[in-house]
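1. Compute the structure for the input listed below.
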Amino acid sequence: MRRAFASLVLAIGMVVGGLQPVVAVNKPSLSPLTQSHPHGVSSSWTGSWSGGPSLYNYNMSFGHGAHATGSTSVTTRGFSHSFSPCTTQQFSQSLSITDSDGDHKTSNTTTATEGGGTPC
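-> As a prediction, this is how the structure comes out:
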């Protein structure tokens, strides 16, 4: 009974005080889903997310061991990366976001097809 009363008092306090509960970060989106470039031309993506308290830590995986990591207070960020394979290859990317409460989500997977060439 006391727990129910405490929850009710908290809910009333939040409504009266204009407070809203903080929700966890939502699954980020990463676009475009597919792209293709000749050898050595940069691929670019836009990652976006919502929810959760900032500061957000991001980890953008480019699919061949390279990552871009950092922190931001905004919920949209651009990324670019150059691949230079010797033969045409596909690379899969994903974006992971962790909010300041430690909630963690990972985006859909995108694909970049990069043409082979020299130098390798």
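
2. The nearest residue to T72 once chain neighbours are set aside: what's it in contact with?
-> Nearest non-adjacent residue to T72, counting by CB to CB, 6 or more residues apart in numbering: Y56, 5.6 Å away. Every residue, glycine included, has its C-beta placed from N, CA and C. If you count contacts by CB atoms under 8 Å, 6 or more residues apart in numbering, Y56 has them with V25, W49, S71, T72, S73, T75, I97, T98, D99, S100.

3. residues touching K27, list them.
-> By CB under 8 Å, 6+ apart, the residues touching K27 are W49, K105, T106, S107, N108.

4. So it, which state does it fall into?
-> Under the three-state scheme (DSSP: H, G, I helix; E, B strand; the rest coil), K27 adopts coil.

5. related to what we said a few turns ago, out of the contacts of K27, which are inside strands?
-> K105, T106 (DSSP state E).

6. any idea which of the contacts of Y56 has the most stuff around it?
-> In terms of neighbour count, I97 stands highest of the contacts of Y56 at 27 neighbours, by other CB atoms under 10 Å.

7. Show the average pLDDT along the longest strand seen in the chain.
-> For the chain, the longest strand by residue count, based on DSSP E, is strand 89-98. In this model, strand 89-98 carries a mean pLDDT of 97.

8. Just the C-alphas of that strand, formatted as PDB.
-> The C-alpha coordinates for strand 89-98 follow below in PDB (Å, rounded to 0.1, in the frame of the first residue of the first chain):
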ATOM      1  CA  GLN A  89      34.000  -5.400 -52.000                       C
ATOM      2  CA  GLN A  90      30.900  -4.900 -49.800                       C
ATOM      3  CA  PHE A  91      31.300  -3.500 -46.300                       C
ATOM      4  CA  SER A  92      28.500  -3.400 -43.700                       C
ATOM      5  CA  GLN A  93      28.100  -0.400 -41.300                       C
ATOM      6  CA  SER A  94      26.300   0.100 -38.000                       C
ATOM      7  CA  LEU A  95      25.900   2.800 -35.500                       C
ATOM      8  CA  SER A  96      25.700   2.200 -31.700                       C
ATOM      9  CA  ILE A  97      24.500   4.900 -29.300                       C
ATOM     10  CA  THR A  98      24.800   4.900 -25.500                       C
END
